[in-house]
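A.B. asks: sequence isn't available, so here's the structure alone:
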């Protein structure tokens, strides 16, 4: 069974930092994790889900709204993807989702092969 489990969310003051983790597990990923593009998306209350960042083994892309503040990375030793979030703003408050797609990049969550359940990030002003 394939699963993506996010962690690291919480409540933080504006200007603070959080590091989200997404642990991928399951037979599908075993030995083939490098073939999957991983991505983070977020959805704020009353808003559409939006792309945050994606990473493959050869490239990373970050949304303009978080560029310079957020960074995505992945571990080669473990099937884990991270989202380092710095200089957080109240408008970053959302549920953050991890997703995976076999391929180069993932920028549309509808194209994901697998999705996590999400982790709440709340930034207070």
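C.D. replies: Perfect, I can see it now. Remember, it's a predicted structure, so these values are computed and weren't measured experimentally.
A.B. asks: does the most centrally placed residue in the chain count as helix, strand or coil?
C.D. replies: Nearest residue to the geometric centre of the chain (C-alpha atoms, centre = their mean): residue 40, 2.5 Å. Classification of residue 40 by DSSP: H, G, I helix; E, B strand; the rest coil places it in strand.
A.B. asks: tell me the spatial nearest neighbour of it, not counting adjacent residues.
C.D. replies: Spatially, and ignoring its direct neighbours in sequence, residue 40 is nearest to residue 52 (4.2 Å; C-beta to C-beta, 6 or more residues apart in numbering). Placement of C-beta: from N, CA and C, glycine included.
A.B. asks: try residue 36
C.D. replies: Spatial nearest neighbour of residue 36, excluding adjacent residues (C-beta to C-beta, 6+ apart): residue 100 at 4.7 Å.
A.B. asks: contact partners for the one you found?
C.D. replies: The contact partners of residue 100, taken as C-beta atoms under 8 Å, 6 or more residues apart in numbering, are 4, 24, 29, 36-39, 106, 112-115.
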